[in-house]
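Novice: here you go, sequence then predicted model.
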Amino acid sequence: MSVKERNITSEKSYRRAEDDELYQSRAENKIEIAKTLKLAGAISLLSKAEIAKMGFSEHLLAAIVTARKIALRTDAYSRHLSHMSKIMRSDGLEPIQMAYDKITNKHNQATIELKKLEMVRDELIAGGDTAITALLETYPNADRQKLRQWIRQVNKELKAEKPLKAVKPSKEIFKHLREIAGI
């Protein structure tokens with residue numbers, strides 16, 4: 001067999017491997033393993049309460065407890081993270097990643113919820129009774145009478161061009177919205 005024939009044969013086998021839908025190159029494998037190791041290290045540093053909320057398997061929980069006992073930046077710790085990442089891949093990586101993202105982005109989610117409530121407050125002030133009716137469909141436990149009173153006070157202050165006093169009823173509306181939304 002000549003050199004040309006060998007090259008053609010190796011190219012064909014390489015093409016066949018690329019055409020396969022399940023084919024994953026070594027570089028892709030290494031990238032995936034590095035991401036899993038990074039996730040395993042991040043999870044091992046979470047608090048016990050956060051780990052309990054994530055709902056891991058018993059085997060993975062035992063590995064996390066063991067990882068917390070091993071000193072960081074040692075060879076034993078890196079080997080144990082490899083063991084944890086293997087368990088994580090066998091349990092399914094996507095649900096673990098989603099649970100971790102949910103725990104770590106809790107602050108961002110709370111900020112988004114507060115911004116939504118601020119928008120609702122502004123709509124209430126601008127919309128009046130129709131906005132209150134729409135709010136009561138979403139939150140039936142809202143106090144219609146208090147909301148109307150606060151909105152009238154805010155609008156009265158805005159018409160009189162006294163923005164400093166309008167802060168108090170506006171804050172009361174926001175506080176009430178937070179209470180009924182459970183935030």
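Specialist: On my side now, so go ahead. Numbers count the residues shown, from 1 in each chain.
Novice: stretch 62-79: end-to-end distance?
Specialist: 15 Å (CA to CA, to the nearest Å).
Novice: over to E161: give its phi and psi.
Specialist: phi 60, psi 50 (degrees, to the nearest 10).
Novice: what score does it have for pLDDT?
Specialist: Per-residue pLDDT puts E161 at 76.
Novice: ok, A126 to K106 distance?
Specialist: As for A126, its distance to K106 is 31 Å (criterion: CB to CB, to the nearest Å). For glycine as for every other residue, the C-beta is placed from the backbone atoms N, C-alpha and C.
Novice: quick check: domain ranges of the chain?
Specialist: Split into domains by automatic domain parsing, the chain comes to 3-104, 107-181.
Novice: got a list of contacts for the helix or strand encompassing Q149?
Specialist: Secondary structure from DSSP states H and E places Q149 in helix 144-159. Around helix 144-159, the neighbours that count as contacts under CB atoms under 8 Å, 6 or more residues apart in numbering are 124-125, 128-129, 132, 135-136, 163, 165-166, 168-170, 172-173, 176.
Novice: mind redoing it with 10 Å?
Specialist: 121, 124-129, 131-133, 135-136, 143, 162-177, 180 (CB atoms under 10 Å, 6 or more residues apart in numbering).
Novice: in helices, which of these appear?
Specialist: In this view, these that belong to helices under DSSP state H are 121, 124-127, 129, 131-133, 135-136, 167-177, 180.
Novice: give me the next element, helix or strand, following the lowest-mean-pLDDT helix or strand in the chain.
Specialist: One helix or strand of the chain scores below all others by mean pLDDT, DSSP states H and E: helix 3-19, with a mean of 49. Next in sequence after helix 3-19, counting helices and strands by DSSP H and E, comes helix 26-44.
Novice: got the buried residues for the very next helix or strand once past that next one?
Specialist: Later in the chain than helix 26-44, the nearest helix or strand by DSSP H and E is helix 48-54. Judged by neighbour count (16 or more other CB atoms under 10 Å), helix 48-54 contains these buried residues: 51, 54.
Novice: where does this structure have low pLDDT?
Specialist: Residue ranges of the chain with pLDDT under 70: 1-21, 163-167.
Novice: residue nearest the middle of it, spatially speaking?
Specialist: K102 (3.2 Å; CA atoms, centre = their mean).
Novice: show me just the buried residues among the ones in helices among the contacts of helix 144-159.
Specialist: Counted by 16+ other CB under 10 Å, the ones in helices among the contacts of helix 144-159 give 121, 124-125, 131-132, 135, 169-170, 172-174, 176-177, 180 as buried.
Novice: closest one to E28 out of those, please.
Specialist: L177 (47.5 Å; CB to CB).
Novice: quick one, what contacts that closest one?
Specialist: 114, 116-118, 120-121, 124, 135, 139, 142, 147, 183.
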